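> model this:
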Amino acid sequence: QGVLGVLPLVTGPYLVVITERERVCSLDGADVYKLTRARWFPFSCDTAKKFTEQQRADEAIALDLAQSYLNSCPLYFSDSVDITRSAQSQALSASPDGTREGHLLCQQVDRRFFFNSYMS
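Numbers count the residues shown, from 1 in each chain. Below you'll find the predicted structure:
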């Protein structure tokens, strides 16, 4: 379904993968989805050898908090349209032909509403 990003936690980074999504609407022919389920995968499997009992306990708490947060609030996303800015704002920043050629979607968004910008 997609990759939400990489989240650094106490014992190392986790890859956060979107495993389920629900299509909620279409904007300008592009689908907008709501995240319904994500899985977290640690980059390292041998954390028991490298970290103390306290660090592993802190990791479990941090992971639980991050998962709870992600599951408690709706997260909407699109892989092909900017849903962080109004149509007016997008039109004003477009080139005369109406495009933003040479800009990746993640470079065009309003960072205030780009939830996982620090993860991308």
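> in this protein, where is pLDDT below threshold?
Along the chain, segments meeting pLDDT under 70 span 45-49, 94-107, 109-120.
> so which residues of it form helices?
Remark: helices assigned in the chain by DSSP state H are 47-50, 53-72, 87-93, 105-108.
> quick one: buried residues of the biggest strand by length in the chain?
Longest strand in the chain by number of residues, with DSSP state E as the criterion: strand 12-27. Under the neighbour-count criterion of 16 or more other CB atoms under 10 Å, strand 12-27 has 14, 16, 18, 21 buried. (Glycine included, C-beta is placed from N, CA and C.)
> ok, so of those, who is nearest Gln55?
Tyr14 (14.8 Å; CB to CB).
> my guess is that closest one contacts Ser44. True?
No. Using CB atoms under 8 Å, Tyr14 makes no contact with Ser44, being 9.8 Å away.
> make JSON lines out of the helices of the chain and add mean neighbour count and distance to Pro8.
Below are the helices of the chain laid out as JSON lines (neighbours: other CB atoms under 10 Å; distance: least, CB to CB, whole Å):
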{"stretch": "helix 47-50", "mean neighbour count": "10", "distance to Pro8": "13"}
{"stretch": "helix 53-72", "mean neighbour count": "13", "distance to Pro8": "10"}
{"stretch": "helix 87-93", "mean neighbour count": "11", "distance to Pro8": "31"}
{"stretch": "helix 105-108", "mean neighbour count": "12", "distance to Pro8": "19"}
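> now Leu35: how far from Ala91?
28 Å (CB to CB, to the nearest Å).
> what lies in contact with the longest strand of the chain?
1-8, 31-44, 47, 63, 70, 76-78, 81, 83, 119 (CB atoms under 8 Å, 6 or more residues apart in numbering).
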